[in-house]
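Colleague: pasting a predicted model and its sequence here:
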Amino acid sequence: MSEQQETILQPLQDRRILSNIPDPEGVRRTIDRRGFLEDDINENPNKLYKKKLEGQRYVVDFPVKVTYNKQTATLRCHNISTTGILLELPAGEQETAFEAAVHLKFTIPDGAMPEGYEAKVSMPAKKVRTFVEQVDGEEVRFMAFIFEKPLDLYFKRRRWGLSIFMASAFLLFITLLVLLMRAESVIYFRFNKFLYFYSLLAATFLLSRYVFGLLYRNVPINLDYEPGVSIIIPVFNEEEWIERTIISCIDQAYPIDKLEVIVVDDCSTDRTAERVRHAFDKINANGKRFKTKTRMRFHVLSENAGKREALVVGVKMARHDLVVFVDSDSFLEPTAIRNLVQPFQDPEMGGVAGRTEVENKFTNALTKLQTVRYYVAFRIMKAAESWFDCVTCLSGPLSCYRKDLVLKNSEDWLNQRFLGHPATFGDDRSMTNFILKTHRTSYQDLAVCSTIVPSKTGVFLRQQMRWKRSWLRESLRALGFVWRKEPFMAAFFIVGLIVPIAAPIVVTYNLIYVPARYGIFPTTFLLGLLLMALMMSFAHLFFRKSKLWSFGIVFVLFYEFVLLWQMPVAWVTFWKSTWGTRDTPQDVLEQNRKQERRTKRRPFPFFAMKGDNRDDEQ
């Protein structure tokens, strides 16, 4: 069976692979390919990065209908940005025909540009230059056109403004409808106390998270605050993505003497180590001015010991006071570290999570529904917890800790057991619990990374089961200290624990027992489910202005009828230590045990008598 081909955004690579590192010698002045000059070196890095993105070109291949002099031609697009487009001129076509203003009509395919740009475009454009390049040994003519207006302004007036208006209106309407339905729960409370109490809890929990999530604000950048940061990348069999991960970590808009990258290989069995060394050589060949040789280190563990051991080894090697954990298939935006460290200006802040987005969002329906789920989980749910400085999971793809706190809890973290069983996954939730006992935790929405999510259903389901087990285990641990936090947050946490655990019982009662016992169609329950799905979808539409918003509905339905039923399984298998998605030592041991059990169960063939060797007869 062929491997799933991931659909990934393809930015046109800058000739400099380290284009975002501050230039210590002042040799490089431009910050994007068009030659934009940085007028104020003290300008906010987020604004500078936004300006750079305006000129970012993306490698694409789709048809463009060009109308000129009352004629029409269909040309191929080779790259596109928010301000212009590059088209291939077919053999025999006269470029002089395009000297006058032309009209372009095309559809931007899914994944060709950042989320939100996948739509139809029809606008005038003007040719700015023509050139010839060698492609596969042949000369190919190209024409570059500049749009009448930038695509972001074009979509803002035609699509994005309408999207925000519709999403706002529907979110308000849904909120009022939910409140009305919960008023019904109060009226009928005495007829079924458990059911209506659960309904009130679930609605309060959901609405409060959206309210506090919408109130959230990113901690602004203080240009005078530049603490030392060590990025730790634990890696195991990640040859496909590790090079890109390393480059994104070292190519940060952060002072070169304040940032280092440490890669710890947990005895990979593929070509990961080779890819890491290749990445180091590539970076060092271009980064002499940026002292990359002294700022990047690679360490291979003597034996496969697990992700936690790799992280702790990296932390012990770290030179700086803040350590950032980055997954080996996660890619940082250039301003991620600059934004991530800002909350640490508070001496009581122990850990901070960044926002994780889906890199392969347009691969298939499964990755699309994860895209909506990821965004709402971070921008709404974690943002709401951050309001109380009590983020309950500093996620693995991108999170930052005080080094001394990690070292203080490292032994307990490495040797953690739950009811006698080793805890080998859920390392991010586990470390967050250690930090939360004594310190605050926060979330930075502008500290962004993207990650590769499962595009196969089997892998996705195993990942979700692992997450549910770790969530259950670590939530029960957190009950021992969360009551000491801000009272509303403590109540917030307890309700958030009760609602998912009780959900299978409530769903069974409403969708199976009531219709079977009383012959009543569960209209109210299904309507509430639909409203929850629409709330997630419209929240995504409000912030992202993307056509993927409808997959929020798909995710809620998929969760309700598939993922929800993993919860009872997690109750009785929380002790399992296998990942299910990679060959950790525990997974290998479990596979060997299963093979032994299969061998023992294999029936003895009646024909396998002494002197009968059927292999020899072949």
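Modeller: Thanks, I have the structure now. All figures in this text were calculated on a predicted structure; none of them were measured in a lab.

Colleague: model confidence over the helix or strand encompassing T245, on average?
Modeller: Per DSSP states H and E: T245 is located in helix 242-250. The average of the pLDDT scores along helix 242-250 is 97.

Colleague: after it comes which helix or strand?
Modeller: Note on helix 242-250: by DSSP H and E, the next helix or strand toward the C-terminus is strand 259-265.

Colleague: residues of the following helix or strand past that following strand that come out buried?
Modeller: Once the chain leaves strand 259-265, the next helix or strand it forms, by DSSP H and E, is helix 272-286. Buried residues in helix 272-286, counted by 16 or more other C-beta atoms under 10 Å: 272-273, 275-276, 279-280, 283, 286. (C-beta placed from N, C-alpha, C; glycine too.)

Colleague: wouldn't M317 be in contact with H299 here?
Modeller: Yes. With contacts counted by C-beta atoms under 8 Å, M317 reaches H299, the gap being 6.6 Å.

Colleague: which residues do those two both contact?
Modeller: Residues touching both M317 and H299 (C-beta atoms under 8 Å, 6 or more residues apart in numbering) are 262, 264.

Colleague: sorry, back to before: can you lay out the buried residues of helix 272-286 as CSV showing pLDDT and distance to F62?
Modeller: Shown next, in CSV, are the buried residues of helix 272-286 (pLDDT from 0 to 100; distance: C-beta to C-beta, whole Å):
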residue, pLDDT, distance to F62
T272, 96, 34
A273, 96, 38
R275, 97, 31
V276, 97, 35
A279, 96, 31
F280, 97, 36
I283, 96, 33
N286, 88, 32
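
Colleague: which of the helices and strands in this structure ranks last by mean pLDDT?
Modeller: Across the helices and strands of the chain, mean confidence by mean pLDDT, DSSP states H and E is lowest for helix 614-617: a mean of 37.

Colleague: any stretches of this protein with poor pLDDT?
Modeller: 1-4, 26-43, 420, 574-618 (pLDDT under 70).

Colleague: quick check: longest strand of it.
Modeller: In the chain, assigned by DSSP state E, the strand with the most residues is strand 120-135.

Colleague: next, the angle from the helix holding T245 to helix 272-286.
Modeller: Helix 242-250 and helix 272-286 are oriented at 40 degrees to each other (axes from the mean of the first three to the mean of the last three C-alpha atoms, to 10 degrees).

Colleague: so where do the strands sit in the stretch 401-550 of the chain?
Modeller: Here the stretch 401-550 of the chain has its strands, by DSSP state E, counting those that start in this stretch, at 417-418, 421-422, 440-451.

Colleague: for L511, see how far away W571 is.
Modeller: Distance of W571 to L511, computed by C-beta to C-beta, to the nearest Å: 20 Å.

Colleague: flag every buried residue along the longest helix along the chain.
Modeller: Assignment by DSSP state H gives helix 161-187 as the longest helix of the chain. Within helix 161-187, the residues scored as buried using 16+ other C-beta under 10 Å are 163, 167, 170-171, 174-175, 178, 182, 185.

Colleague: one more: stretch 489-502?
Modeller: 489-490, 492-494, 496-497, 499-500, 502.

Colleague: just flag the most distant two among those residues.
Modeller: M489 and A502 (20.5 Å; C-beta to C-beta).

Colleague: how far is stretch 531-545 from where the chain is centred?
Modeller: 17 Å (C-alpha atoms, centre = their mean, to the nearest Å).
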